[in-house]
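Enquirer: Structure, please.
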Amino acid sequence: MNRKRILKTSVAVFLSALLSWAVGVAVGALVISSWDYEDCWVVRIEAVRLSPVQNDSEEGWITKSFDVLVTFLSGESKGDSGSVTVEQLAESHLKLIPGRNYVLMADRFSDGVTQFSVTDRFRLPWVVSFLLFSVLAVCVLAGWTGARAVLGLGISLFVLVKGFVPAVLAGLSPVLCAMVALGILSFVTIYLVVRRPYCRPVAFVGAMGGAIAAYVMGASASWLWQVTGLGSDDATLFASTFPGYDMSGIFLASVMVGSIGAVLDVAISVTSAMAELVDYDSSIPRPRLWKAGTSVGREILGSMINTLILAYFGSSLVMTMMMVNSKPSFAFLFNDPMVSQELIQSLAGTIGLLLTIPITTLVGIWLMTKKGTGSL
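Expert: Here you go, the predicted structure:
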């Protein structure tokens, strides 16, 4: 029986990979067929030869020239092949590999000179394939639970991209918009994941309580440390390009959004553990239920804090490497605005996780033992 199930699962995963590849190829072909960007084409590189000429610009940049034989896959020259000279920075890490598709761009100057450059790999088909395969693999391996999780993730991303971001860009309060968005996505996620209806309010209140705790911690630290929200290059670029936005509020909103995933995990885990005990013994004493909820919370707290902190560390790995390489002093390092923002995000998320446990446990005790499981 187990062998049969393993075989069926393996076949399903293989078919998912095949379907994902076919869809990726189809999407790539559709995009290429409708490609109409001026002086920009999708090409397949047939051969590459390094030119002996190297150019030194006035700014000190060293460029390399490549004689590249390409086949145009888009535009008026679709299907034609020709040789072009491509300019590329000597330190560029984009390797031109024959047989692969790339994006070729032409820069035309007023003196009649045209300079070609390969801006990037045309990776859209593979991106679509990997995304689709990941979704299908989760559904195949985790069944309906995985499908509901994927559906919840899709709705959450839709709420954030189509609701939260446009609302902030429209000038509304970033923190208020974050509260509403997190409330919606928490409700959707809990509704899809938590199977006991009477447990859903417990997990919802616990998750929102943890998110609010993360906001309070982040706001307190931002006020005391006088963090402006402009500690990163992206934030500085956004503020200079689109002035007038509340960058401090946007930063606090990012703290809340960044912590909600881990907070939801803790709230749902504690709720589920308490519900199992109440289902087994509806007359369980409240002190025993409190001990169970907090014990489970403490068990998963360590791993979730690691997950949260390491996620922030991974997203800022390049910055960390630069700082370590420069060997800054202790005082300079912790006074740096970028480091301060990362610390606030990490500490606020940790406090949010920590307070999610007692909030969820208290609400669970009140709701689960108020009337007994049989009447819920």
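Enquirer: residue ranges for the helices of the stretch 1-150 of the chain, please.
Expert: With DSSP state H, counting those that start in this stretch as the criterion, the stretch 1-150 of the chain has helices at 2-33, 124-159.
Enquirer: ranking the ones you listed by burial, who's on top?
Expert: helix 124-159 (a mean of 16; mean count of other C-beta atoms under 10 Å). All C-beta spots, glycine's among them, are computed from the backbone N, C-alpha and C.
Enquirer: Taking helix 2-33 as reference, get the angle to that one.
Expert: 100 degrees (axes from the mean of the first three to the mean of the last three C-alpha atoms, to 10 degrees).
Enquirer: Which neighbouring elements make contact with helix 124-159?
Expert: With contacts taken as 3 or more C-beta pairs under 8 Å, 6 or more residues apart in numbering; DSSP states H and E, helix 124-159 sits against helix 2-33, helix 174-193.
Enquirer: Which elements pack onto the last one?
Expert: I take that to be helix 174-193. Checked by 3+ C-beta pairs under 8 Å, 6+ apart, helix 174-193 has helix 124-159, helix 165-169, helix 200-225, helix 247-280 packed alongside it.
Enquirer: okay if I get the ones you listed as a markdown table plus mean pLDDT and distance to residue 36?
Expert: Shown next, in a markdown table, are these (pLDDT from 0 to 100; distance: least, C-beta to C-beta, whole Å):
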| stretch | mean pLDDT | distance to residue 36 |
| --- | --- | --- |
| helix 124-159 | 90 | 16 |
| helix 165-169 | 93 | 27 |
| helix 200-225 | 93 | 44 |
| helix 247-280 | 89 | 35 |
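Enquirer: of all those, which lies closest to residue 100?
Expert: Nearest to residue 100, of all the helices and strands packed on helix 174-193, is helix 124-159, at 10.2 Å by C-beta to C-beta.
Enquirer: number of nearby residues for residue 264?
Expert: Residue 264: 26 surrounding residues under other C-beta atoms under 10 Å.
Enquirer: That one is in contact with residue 188, isn't it?
Expert: No - between residue 264 and residue 188 there is no contact under C-beta atoms under 8 Å: 10.7 Å.
Enquirer: which residues does residue 115 contact?
Expert: 87, 106, 107, 109 (C-beta atoms under 8 Å, 6 or more residues apart in numbering).
Enquirer: per-residue pLDDT, the residue sitting furthest away from the middle of the chain?
Expert: Most distant from the centre of the chain: residue 111, at 44.4 Å, with distances by C-alpha atoms, centre = their mean. In this model, residue 111 is scored at 78, pLDDT.
Enquirer: same question, the one 10 residues further on
Expert: Reading off the per-residue confidence, residue 121 sits at a pLDDT of 92.
Enquirer: Please report how far the residue nearest to it when sequence neighbours are not counted lies from residue 62.
Expert: Excluding its sequence neighbours, the residue lying closest to residue 121 (C-beta to C-beta, 6 or more residues apart in numbering) is residue 102, at 5.7 Å. In this view, residue 102 and residue 62 are 21 Å apart by C-beta to C-beta, to the nearest Å.
Enquirer: These two: who's more crowded?
Expert: Ranked by neighbour count (other C-beta under 10 Å), residue 102 and residue 62 place residue 102 first, with 23 against 11.
Enquirer: That one pairs with what?
Expert: On the basis of DSSP bridges, residue 102 takes part in beta bridges with residue 43, residue 121.
Enquirer: Just confirm it contacts residue 117, I think it does.
Expert: No - look at residue 102 against residue 117 with C-beta under 8 Å: they stay out of range, at 10.2 Å.
Enquirer: overlap in contacts of these two?
Expert: With the criterion set as C-beta under 8 Å, 6+ apart, the contacts of residue 102 and residue 117 do not overlap.
Enquirer: which ones are touching the residue nearest to residue 121?
Expert: Counted by C-beta under 8 Å, 6+ apart, residue 102 has contacts 42, 43, 44, 45, 96, 118, 119, 120, 121, 122.
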